[in-house]
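Colleague: mind looking at a prediction? Sequence and model below.
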Amino acid sequence: MDVFDGFTTSRRTMLVGGVTSAALVSLPAASSAPTTAPAAPPPTARVRLTVNGTPQDLEVDTRTTLLDLLREHLKLTGTKKGCDHGQCGACTVLVNGTRINSCLTLAVQHGGDSVTTIEGLGTPGKLHPMQAAFIKHDGYQCGYCTPGQICSAVAVLREIEAGVPSHAQSDVTQRPAATNAEMRERMSGNICRCGAYSNILEAMTDVAGKKA
């Protein structure tokens, strides 16, 4: 038998409503709900390094890449952020004379190092020979990858001069030469979406003083 038999509609509504109201009253007050503790600030570290001949002393988030230190902290925006995965070469800089992808290395790893960016290679009034050669041979179009291309090109000629071997050599026991194939192999990590590769090689060949 239905327990509501004999009740009027209004009485049924009152009964159901009364139960619901009682349930709502029994809920805990909103103010007693647990609160989330504020997030702790990220850890920082002091980094002392030399950038383009100038000593720098900075306090940075330990997760800061060398690329972001240069662009965001020192405002040296010549070094470009492209893929941010070390695949395009737009962020190439020289660390102690050796080229690296600055997006793949943490700033805190470079305490005491000497970093050279495109701004440190030359000035508008006194261009580096590679900068001048890129202008002469039109080794750029949109120019976005150019800083990384130039830094890498400078390092490539130093590598060849120092006798550092590459996959382009048939005999790695012999000293490499600044040939077209050698420079193409060594520059393969720098991508130019505009396709100025042949002009870049002409610029490098001009600086190397050799015929490819």
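Modeller: Okay, I see it.
Colleague: what sits up against the strand or helix carrying R46?
Modeller: Using DSSP states H and E, R46 maps to strand 44-51. The contact list for strand 44-51 (CB atoms under 8 Å, 6 or more residues apart in numbering) reads 55-62, 69-70, 74, 76, 107-108, 110-117, 120. To be clear about C-beta, it is placed using only N, CA and C from the backbone, and glycine gets the same treatment.
Colleague: return the distance of P147 relative to G111.
Modeller: According to CB to CB, to the nearest Å, P147 and G111 sit 24 Å apart.
Colleague: so those two - more neighbours on which side?
Modeller: P147 (25 against 11; other CB atoms under 10 Å).
Colleague: which of the three states applies to the more buried one?
Modeller: Secondary structure, DSSP: H, G, I helix; E, B strand; the rest coil: P147 is helix.
Colleague: against I191, how distant is it?
Modeller: Here P147 is placed at a distance of 13 Å from I191 (CB to CB).
Colleague: touching both of the two, which residues are there?
Modeller: Common neighbours of P147 and I191, counting by CB under 8 Å, 6+ apart, are A90.
Colleague: by mean pLDDT, point me to the weakest helix or strand of this structure.
Modeller: Across the helices and strands of the chain, mean confidence by mean pLDDT, DSSP states H and E is lowest for helix 9-25: a mean of 47.
Colleague: pLDDT at the residue positioned nearest the centre of the chain, what is it?
Modeller: By CA atoms, centre = their mean, the mean C-alpha position of the chain lies nearest to C103, the distance being 3.0 Å. pLDDT, C103: 98.
Colleague: so I100 is in which element?
Modeller: Under the criterion DSSP H and E, the helix or strand holding I100 is strand 98-101.
Colleague: apologies, that question was intended for V156.
Modeller: Short version, using DSSP H and E: V156 is in helix 146-162.
Colleague: pull out the buried residues from that helix.
Modeller: Under the neighbour-count criterion of 16 or more other CB atoms under 10 Å, helix 146-162 has 146-157, 159-160 buried.
Colleague: kindly report the same for stretch 180-192.
Modeller: By neighbour count with 16+ other CB under 10 Å, stretch 180-192 contains the buried residues 182-187, 190-192.
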